[in-house]
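Colleague: I'd like to go over a predicted model; first the sequence, then the structure.
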Amino acid sequence: MTEVLLVMLVATLMMAPVVSAMRLVPRFLSFQEEVQDEIALVQMRRILMLSYKVENEGSTLAYTYQEREFRLSLVNGNLIIQPGTQMILTDISHAHFESAGEVIYVVYTRENKERKAPLVHT
């Protein structure tokens, strides 16, 4: 009987740290997603910096990179470089491109939160 009470006491004492740790998980996951987005956007900026004939078509960004024509657009919830299937941003519900002065921005929505990031200076 003493052993059962001891186990219950230890289990009760462990509940508080476990519950506190579980509250941090959503914050960590959203931070991870933001970091992954920034890494992908940096890679896309590098490609666009080395590209020419960059054209904003609203829902698509067309450009020529290494003598080949590519398009960046939303396909099935992912911002994808075509031809091919290289994903830049994943699990997004909407994406379009905006020009402001000489800068083209990508505007995308994930989980009802809109984000805007500069992509290229034309």
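Modeller: Here it is on my side, so go on. Here the structure is a predicted model, which is why all the values come from computation and not from measurement. Numbers count the residues shown, from 1 in each chain.
Colleague: for the spatially most central residue of the chain, give me its contacts.
Modeller: Taking C-alpha atoms, centre = their mean, the centroid of the chain lies closest to Asp37, which sits 3.1 Å from it. Each residue near Asp37 by C-beta atoms under 8 Å, 6 or more residues apart in numbering is listed here: Leu89, Arg115, Ala117. Just so you know, the C-beta spots here come from the backbone N, C-alpha and C atoms, and that holds for glycine as well.
Colleague: Gln43 - how many residues pack around it?
Modeller: Residues near Gln43, counting by other C-beta atoms under 10 Å, number 12.
Colleague: pLDDT score for it?
Modeller: Looking at Gln43, its pLDDT is 93.
Colleague: what helix or strand does it sit in?
Modeller: helix 2-49 (DSSP states H and E).
Colleague: need phi/psi at Asn76.
Modeller: Dihedral pair for Asn76: phi 50, psi 40, per degrees, to the nearest 10.
Colleague: can you check the one 5 residues further on too?
Modeller: The phi and psi values for Ile81, taken as degrees, to the nearest 10, are phi -90, psi 130.
Colleague: can you mark which positions in stretch 39-57 are buried?
Modeller: Ala40, Leu41, Met44, Ile47, Leu48, Ser51, Val54, Asn56 (16 or more other C-beta atoms under 10 Å).
Colleague: OK, contacts around Ile39?
Modeller: With contact set as C-beta under 8 Å, 6+ apart, Ile39 has no partners.
Colleague: any low-confidence regions in this structure?
Modeller: Counting by pLDDT under 70, the chain shows low-confidence ranges at 24-25, 27-31.
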